[in-house]
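*Asks:* got a predicted structure here, sequence first:
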Amino acid sequence: MHPPGWQATRARLTDYFDRTAYDAWAAMTSDAPVSKIRATVRAGRTEMRNTLLSWLPADLSGRRLLDAGCGTGMLAIEAARRGATVVGVDVSPQLVATGMERLPEDVRDRITLVAGDMLDPALGDFDHIVSMDVLIHYEADEIAAATAKLAGRARHSLIFTFAPGTPLLRTARAVGRLFPKSDRSPTIIPVGHGHLKANLARAVPHARLGRDTRVSRGFYTSHAQEVLTA
């Protein structure tokens, strides 16, 4: 069973990333010129992606990794270059198709990108699961419930990001309608780290919380949390 509200939020995200803003996100995940607002988001996402990758072993040979919310597969590509066999899943069939077209030849045989639900157990078990900027759209209890499902399929670690409950981000959410319409993203739900950790302790009692860090670049703010399952 999915966390309450999971499917409704997932449907809204699919509509946004696959229809409303596909062109913008296809550009965001490339070298194409973007607006000044999106340039800060791109820089923040690059820093966060590099951070999450730094928490994985340098040599991933023989390991299976799930890129949960893969978009066009940027993290998947880097993980595969370390030797991992990667499955990437995303709510947007169009972004997944674009990702498949962009896959470099040197990793094409080690990456599978599919459109679907990252909580689908049919995707299988993994050594590591990474979910970047997906759970930023969910409440703390929904994040904890999703984390419990994912942690049960991760042999070594689960790494995810959430939107921290900072005054700045809460204010940004409140005034988001003042941004140019083309630069708006789906609703981001700020969550207090302490509140989230309490929810995680109840939902995933067998796991240990590892490293955490925050990345803030212009209009991008996200907090990474490592969950150790081994």
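*Replies:* Structure's in. What do you need? Numbering: from 1, shown residues only.

*Asks:* going forward, measure contacts and count neighbours with C-alpha atoms only.
*Replies:* Will do.

*Asks:* please enumerate the strands of this structure.
*Replies:* With DSSP state E, the ranges of strands along the chain come out as 64-68, 85-90, 111-115, 126-131, 154-162, 208-217, 220-228.

*Asks:* within its sheet, name the partner strands of the fourth one and how each one runs.
*Replies:* According to DSSP bridges, strand 126-131 forms sheet pairs with strand 64-68 (parallel), strand 154-162 (parallel).

*Asks:* give me the residues contacting that strand.
*Replies:* Strand 126-131 has contacts (CA atoms under 8 Å, 6 or more residues apart in numbering) with 52, 63-70, 150, 153-161.

*Asks:* output it in CSV with nothing but the alpha carbons.
*Replies:* Provided in CSV are the C-alpha atoms of strand 126-131 (Å, rounded to 0.1, in the frame of the first residue of the first chain):
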residue,chain,number,x,y,z
PHE,A,126,19.3,-2.9,-4.9
ASP,A,127,22.6,-2.4,-3.2
HIS,A,128,22.0,1.4,-3.2
ILE,A,129,18.9,3.5,-3.8
VAL,A,130,19.2,7.3,-4.6
SER,A,131,16.2,9.6,-4.8
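
*Asks:* what distance separates it from the centre of its chain?
*Replies:* Remark: strand 126-131 is offset 11 Å from the chain centroid, using CA atoms, centre = their mean, to the nearest Å.

*Asks:* what's the angle between that strand and strand 85-90?
*Replies:* Strand 126-131 and strand 85-90 are oriented at 30 degrees to each other (axes from the mean of the first three to the mean of the last three CA atoms, to 10 degrees).

*Asks:* quick one: pLDDT of the most centrally placed residue in the chain?
*Replies:* Taking CA atoms, centre = their mean as the criterion, residue 132 is the residue nearest the geometric centre of the chain, at 2.0 Å. Confidence at residue 132, expressed as pLDDT, is 99.

*Asks:* what's the distance between it and residue 106?
*Replies:* Look at residue 132 and residue 106: by CA to CA, to the nearest Å, they are 24 Å apart.

*Asks:* buried deepest among the strands paired with strand 126-131, which one?
*Replies:* strand 64-68 (a mean of 26; mean count of other CA atoms under 10 Å).

*Asks:* show the average pLDDT along that strand.
*Replies:* Rounded mean pLDDT across strand 64-68 is 99.

*Asks:* and residue 92, how many residues sit next to it?
*Replies:* The number of residues packed near residue 92 is 26, by other CA atoms under 10 Å.

*Asks:* would you confirm that it contacts residue 17?
*Replies:* Yes - counting by CA atoms under 8 Å, residue 17 is a contact partner of residue 92 at 5.9 Å.
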